[in-house]
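Engineer: let me see the structure of the following:
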Amino acid sequence: MNNTKLVTFLLRISIASVFLYAAVAATVQPTNWIGFIPHVFYSLAPANILLLGFSAYQFVLALWILIGWKSFYSGLLASITLLAIIIANWGDIDILFRDFAIFFAAIALAVDSYRKR
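Structural biologist: Numbering: from 1, shown residues only. Have a look, this model is predicted:
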């Protein structure tokens, strides 16, 4: 495995692991995660249903990233998701500051995959 493939593999593992962890943790301990859902979405459905739906989305996104199929699109979607999380929870920046690194890792995955399309 050359260095470029190894770097891409490590990017995929790191990004996917974050989404996978969040999906599982929010499903197992929803009270720890429910506060991160912006109140504007509460009119759409009960908060626990929104959280469960977002957890399912994160789980599917993590699997997509791990598989490596169409990595440009999965990286782009991951970066958009992380940017939305950062913006929606800006008041909790002391908790979310790590998401900036993951956001830029997702952009790096998309950029790396774009040139390989």
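
Engineer: buried set for the longest helix along the chain?
Structural biologist: Among the elements of type helix in the chain, defined by DSSP state H, the one spanning the most residues is helix 3-28. Burial within helix 3-28, assessed by neighbour count using 16 or more other C-beta atoms under 10 Å, is assigned to 8, 11-12, 15-16, 18-20, 22-23, 26. To be clear about C-beta, it is placed using only N, CA and C from the backbone, and glycine gets the same treatment.

Engineer: now swap in stretch 44-58 and tell me
Structural biologist: Those would be 47, 50-52, 54-55, 58, for stretch 44-58 by 16+ other C-beta under 10 Å.

Engineer: want to throw those residues into a markdown table with pLDDT and distance to Lys70?
Structural biologist: A markdown table is the format used below for the buried residues of stretch 44-58 (pLDDT from 0 to 100; distance: C-beta to C-beta, whole Å):
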| residue | pLDDT | distance to Lys70 |
| --- | --- | --- |
| Ala47 | 94 | 32 |
| Leu50 | 96 | 27 |
| Leu51 | 97 | 27 |
| Leu52 | 97 | 26 |
| Phe54 | 97 | 22 |
| Ser55 | 98 | 22 |
| Gln58 | 98 | 18 |
